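[1] how would this look folded up:
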Amino acid sequence: MKSANKLDPIDRRIIEILSHYEELGVLELWYELGETDRMPDRITREELSARLESLSTQGLVVQVEDPKGPTNWRLKQGETRLRRLG
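    Numbering: from 1, shown residues only. Model (predicted):
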């Protein structure tokens, strides 16, 4: 498993985007990733979901369940500083 210091550029960008929002759904996050010119390659929504699950396993993000809508994601409490991620 990757440690927080070994995040790849896409995972770092996901964390950075989430740090600017209270929470985002996968589709909204996917759109945000697509709007940046810092992304060398496009990723699919399925790959993004897998990356979010991985970041969740690492304790960096958490799911926010909403019975009225889709599942959103947010940074885990206290993980808002990118400098801690190396």
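
[2] quick one: the longest helix that the chain contains to chain centroid distance?
    As assigned by DSSP state H, the longest helix anywhere in the chain is helix 45-57. A distance of 8 Å separates the C-alpha centroid of helix 45-57 from that of its chain, computed with C-alpha atoms, centre = their mean, to the nearest Å.

[3] who does it touch, helix- and strand-wise?
    Helices and strands touching helix 45-57, by 3 or more C-beta pairs under 8 Å, 6 or more residues apart in numbering; DSSP states H and E, are helix 9-19, helix 26-34, strand 61-64. (Each C-beta comes from the backbone N, C-alpha and C, glycine too.)

[4] ok, and what's touching the last one?
    Pointing back at strand 61-64 there. Residues from elsewhere that reach strand 61-64, judged by C-beta atoms under 8 Å, 6 or more residues apart in numbering: 14-15, 18, 23, 52, 55-56, 71-76, 79.

[5] give me the pLDDT value at residue 58.
    In the predicted model, residue 58 carries a pLDDT score of 94.
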